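Chemist: Kindly generate the corresponding structure for this input.
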Amino acid sequence: MKIVAIIVVVVIALFFLLPILNAPEDESIIPEDMSAGEIGKFIGGLFWYWIDALKAAFSTSIVMPTTILTSITG
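Modeler: Model (predicted):
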């Protein structure tokens with residue numbers, strides 16, 4: 001049970017930390033105050049980060065190793 005709890009905490013931490021750590025330097029993703037607009041922008045930023053990440057992960061435009069081998073060998 002302790003292992004499962006640790007894994008859940010790590011997954012939740014990564015869910016929030018990856019978008020924050022990958023944010024552009026000129027754009028702050030962390031809310032500056034607790035207004036509804038700032039919280040909404042923060043949650044929206046997290047949401048769109050993961051949508052873009054999943055699109056990139058499951059995209060068919062990723063070059064597969066067989067394509068590389070075929071182009072090398074002719």
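Chemist: for the residue nearest in space to the middle of the chain, what are its contacts?
Modeler: The residue lying closest to the centre of the chain (CA atoms, centre = their mean) is W50, at 4.4 Å. Shown in contact with W50 (CB atoms under 8 Å, 6 or more residues apart in numbering): 15, 19. Using the backbone N, CA and C atoms, a C-beta is placed for each residue, glycine as well.
Chemist: Just the buried positions in the strand or helix carrying V4, please.
Modeler: Taking DSSP states H and E as the definition, one finds V4 inside helix 2-21. Within helix 2-21, the residues scored as buried using 16 or more other CB atoms under 10 Å are P19.
Chemist: in this protein, which spans are helices?
Modeler: Secondary structure of the chain by DSSP state H: the helices cover 2-21, 36-57, 65-73.
Chemist: and the second one, average pLDDT?
Modeler: The average pLDDT within helix 36-57 is 85.
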